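**Student:** After the sequence you'll find the predicted model.
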Amino acid sequence: MQLSFQLYTARDVAQLDPLLDLLVRRGIYRVEGWDAIYGIAGFANSLSSRNMTMPSAHMSLADLKDRDRRQQVAREFGVSRFIVPGIAADRISSRDGCLDVGRELLELSQQMKAEGLRLGWHNSGAETTRTATRERPIDLLLEFVPELEWECDLGWLASAGLEPATELRTQGNRITALHMRDVAGPDGDPKQQGGADIGSGVLEWEAIRAALKLTRVDLLVMEHDHAQDVPGFLNRSTDFLLGWMTPAATA
């Protein structure tokens, strides 16, 4: 498994070069992009000059459906796996809505497969909120689109009252990446709006590690939606994950 860092975590950091240097010092040479990153002049060179890569990237469904756009980003940053970061909740709040989105994803996945690209989906809360027919949107999308991979955001699952390890056990064949996002308990810093350093929150990391062997996960992506101290979050979370990953790799 490879460790990566979601650059959305650093969206309020004025200068990214010092953060990239810190990632390299901590032995992390992979990042996950998001829409605002692709327009930064010279950013691809900033990565390549440090021997860093972007194996996965978030891109809105609308932009992904633009063939020229996705191919340009794939070439410039070396992206092989594009992930839809989510969608307006009302679009997948019903079975019919899910199937409409599924048809878009099915056509897109076939195009991307022909281009040598992978298509994934990142969950927020809407994907696990049951429809009137008591079905979960994430299950409907995965069933309808055989090539669709799931980048499973552990924090969102926990916030929805679900057990992340259970999702890994039941949908593991479709889960190929994890968003390593922890959730604070009642004593968490309110400025971080429910987020926490990885390993310091309420997630059951030992259970998650045990369930990993039932998945196809090859990428672990660190993220915090509202980190007040991004370098501190990175350092503390990396300390935890390097120890956590060693047993996971041999489980």
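**Tutor:** Structure's in. What do you need? Given the structure is predicted, the values throughout are model-derived calculations rather than measurements.

**Student:** only C-alpha atoms for contact and neighbour calcs from this point on.
**Tutor:** Will do.

**Student:** So residue 82: helix, strand or coil?
**Tutor:** Put simply, residue 82 is strand when judged by DSSP: H, G, I helix; E, B strand; the rest coil.

**Student:** On the strand side of things, show who it bridges to.
**Tutor:** Note on residue 82: beta-bridge partners by DSSP bridges are residue 57, residue 119.

**Student:** Against residue 152, how distant is it?
**Tutor:** Between residue 82 and residue 152 the computed distance is 14 Å (Cα to Cα, to the nearest Å).

**Student:** Same question for residue 63.
**Tutor:** Residue 63 is 21 Å from residue 152, by Cα to Cα.

**Student:** Between the two, which is the more surrounded one?
**Tutor:** More crowded of residue 63 and residue 152, by other Cα atoms under 10 Å: residue 152, with 27 against 13.

**Student:** phi, psi of the more buried one?
**Tutor:** The phi/psi pair for residue 152 (degrees, to the nearest 10) reads phi -90, psi 120.

**Student:** so where does the residue nearest to it when sequence neighbours are not counted fall, helix or strand?
**Tutor:** Excluding the flanking residues, the one nearest residue 152 by Cα to Cα, 6 or more residues apart in numbering is residue 178, at 4.8 Å. Using DSSP states H and E, residue 178 maps to strand 175-180.

**Student:** Any idea how far apart the tips of stretch 80-92 sit?
**Tutor:** First residue to last in stretch 80-92 (Cα to Cα) measures 26 Å.

**Student:** Identify all contacting residues around it.
**Tutor:** With contact meaning Cα atoms under 8 Å, 6 or more residues apart in numbering, stretch 80-92 is reached by 55-61, 74, 97-98, 101, 116-124, 126-127, 137, 151.

**Student:** Can you tell me which of those residues end up in helices?
**Tutor:** Per DSSP state H, helices hold the following members of those: 61, 74, 97, 98, 101, 137.

**Student:** Lovely, talk soon.
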